[in-house]
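Enquirer: dropping a prediction and its sequence here:
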Amino acid sequence: MRAKAIVGLIMAFVFYNKGYNQNLVSNGDFEQYLTCPTFHNYFCGNSNLPNWICASNTPDYFNTCASQSSLVSVPDNFHGFQYPNKGSGYSGVAVYGGGPNFREMIQSKLDTTLSPGVQYCIYFYISLADTSRYAINKFGAYFSDTAIIPYSLSYGYPYLLPFSPQVQYTGGVITDTINWIEISGVFTAIGNENYITLGNFEYDSLTTIVAFNTASGWQACYFYLDDVSVEEVKLAEAGNNSAICIGDSIQLGNNATENASYVWQPGIGLSDSTAANPKAAPSVTTTYYVTKTQCSVVTTDSVTIIVNDCSLPVEPEIFIPSAFSPNGDGENDILFVRSNKSVENLEFNIYNRIGELVFSTTDINKGWDGTFGNQKLNNGIFFYYCKATIDSKNFLLKGDVTLIR
């Protein structure tokens with residue numbers, strides 16, 4: 001067999017950073033097995049591949065542990081030559097040929113039942129096998145509440161399952177036998193889905209079929225399949241507004257998703273503007289904006305990092321309360337800088353969570369009443385920055401204060 005370069009190709013949506021969020025398909029990368037495959041049709045009639053069963057006909061399992069004589073070795077096997085998208089194993093299904101509407105399909109039980117109204121990102125990789133005489137343009141994923149019973153004649157056809165996949169490849173005919181092609185999409189759950197089934201759900205008459213390898217004597221189309229994932233779509237979260245000292249850094253982002261791309265702007269002061277959780281070390285107060293793309297869902301969020309000059313010593317002779325309650329009861333209604341000594345050169349600033357200045361004073365006798373622009377602000381956390389001179393010594397205080405009405 002000819003050697004192939006390992007090249008990752010994404011077709012349909014976007015490039016993704018792999019990494020963090022829960023995949024609801026256990027063993028979606030086909031790396032776990034109980035015994036090494038020794039023959040084709042590994043899915044049906046046994047439970048050697050955890051969390052995977054056949055849904056129609058005789059799909060196959062390939063792994064580097066298998067001997068070449070088994071016909072299901074990796075990279076060289078009875079359907080061609082292909083390395084895994086990653087790891088050591090992958091599966092394979094016939095999607096056309098071998099008889100009218102002949103199909104092989106695989107299915108997996110999801111780790112949890114999908115939640116109603118929630119969007120999920122689904123992706124998986126396929127590659128056309130060398131021995132395929134034909135190439136087609138159909139492959140999809142179907143979600144169901146119960147498992148599909150293999151070979152059930154009650155469906156009307158023993159091969160083609162009469163279901164409409166919620167995620168369907170909609171591009172052109174797939175003829176690539178070298179690269180892995182990613183198919184991905186977004187699906188909004190009804191709320192009772194427990195299983196995912198993969199294969200070609202279209203009739204032969206509705207499938208575009210191209211004679212691809214006329215030298216092949218096998219009158220069919222066969223796809224290798226790897227890295228199946230179902231993940232909940234998560235909104236972008238840039239993290240909480242924070243204050244740091246010049247020269248310090250802080251990690252941005254509250255959540256990271258396995259199948260998503262991230263772009264942070266501006267990139268100044270960031271360790272990696274495309275990472276899910278970059279470190280930020282701005283030299284001045286900066287608001288960062290993150291754009292997250294998960295399948296076709298794009299969301300944005302922002303976070304403000306307040307940068308202070310912390311070179312001045314911090315001493316207990318000056319004090320700012322951690323909370324106040326401007327509710328008109330006469331107690332703790334005003335937030336003051338407090339000291340039992342004479343304070344000079346006061347600079348007292350308060351910022352909201354987006355870094356906006358809501359109060360500023362240089363008068364020790366003037367405090368903040370919890371308003372901004374003559375409007376009462378809601379309960380929340382605000383950030384203060386205070387410089388002062390006491391007995392010829394310079395002081396700096398920074399932190400947060402909670403407004404409670």
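Expert: Done, it's in. Residues are numbered from 1 along each chain as shown.

Enquirer: so the spatially most central residue of the chain: helix, strand or coil?
Expert: The centroid of the chain falls nearest to Thr257 when counting by C-alpha atoms, centre = their mean (2.5 Å). Three-state assignment for Thr257 (DSSP: H, G, I helix; E, B strand; the rest coil): coil.

Enquirer: that one against Ala276, yeah?
Expert: Yes: Thr257 lies in contact with Ala276 (C-beta atoms under 8 Å); the separation is 7.2 Å. All C-beta spots, glycine's among them, are computed from the backbone N, C-alpha and C.

Enquirer: separation between Gln294 and Gln119?
Expert: 9 Å (C-beta to C-beta, to the nearest Å).

Enquirer: no no, Gly239
Expert: When distance is defined by C-beta to C-beta, Gly239 is 22 Å away from Gln119.

Enquirer: who has more neighbours, these two?
Expert: The neighbour count for Gly239 versus Gln119, taken as other C-beta atoms under 10 Å, is higher for Gly239 (20 against 17).

Enquirer: pop out the phi and psi values for that one.
Expert: phi 110, psi -180 (degrees, to the nearest 10).

Enquirer: distance of it from Arg353?
Expert: Gly239 sits 11 Å away from Arg353, going by C-beta to C-beta.

Enquirer: go on, Lys366?
Expert: From Lys366 across to Arg353, the span is 23 Å (C-beta to C-beta).

Enquirer: what do you get for Gly269?
Expert: Distance of Gly269 to Arg353, computed by C-beta to C-beta: 19 Å.

Enquirer: more neighbours: the two, which one.
Expert: The neighbour count for Gly269 versus Arg353, taken as other C-beta under 10 Å, is higher for Gly269 (19 against 15).

Enquirer: hmm, that one is touching Pro278, no?
Expert: No: here Gly269 lies out of contact with Pro278, judged by C-beta under 8 Å, at a distance of 9.4 Å.

Enquirer: what's the overlap in contacts for Gln294 and Gln119?
Expert: Common neighbours of Gln294 and Gln119, using C-beta atoms under 8 Å, 6 or more residues apart in numbering, are Val233.

Enquirer: tell me if I am right that Gly172 is in a strand.
Expert: No: under three-state DSSP, Gly172 falls outside any strand and is assigned coil.

Enquirer: who are the contact partners of it?
Expert: By C-beta under 8 Å, 6+ apart, the contact set of Gly172 is Asn137.

Enquirer: ok, now with 10 Å
Expert: Contacts for Gly172 (C-beta atoms under 10 Å, 6 or more residues apart in numbering) come out as 11, 135, 137, 208, 210.

Enquirer: from those residues, which is closest to Gln107?
Expert: Nearest to Gln107, judged by C-beta to C-beta, of these is Asn137 at 22.2 Å.

Enquirer: contact partners for that closest one?
Expert: By C-beta under 10 Å, 6+ apart, Asn137 lies in contact with 169-175, 200, 202, 207-210.

Enquirer: most neighbours out of those residues, which is it?
Expert: Asn200 (29 neighbours).

Enquirer: so it touches Ala141, yeah?
Expert: No: counting by C-beta atoms under 10 Å, Asn200 sits too far from Ala141 to count as a contact (11.2 Å).

Enquirer: identify the contacts common to those two.
Expert: Counting by C-beta under 10 Å, 6+ apart, the common neighbours of Asn200 and Ala141 are 165, 168-169.

Enquirer: including secondary structure and pLDDT, could the residues you listed go into a markdown table?
Expert: What follows is the shared contacts of Asn200 and Ala141, written out as a markdown table (DSSP: H, G, I helix; E, B strand; the rest coil; pLDDT from 0 to 100):
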| residue | secondary structure | pLDDT |
| --- | --- | --- |
| Pro165 | coil | 95 |
| Gln168 | strand | 92 |
| Tyr169 | coil | 92 |
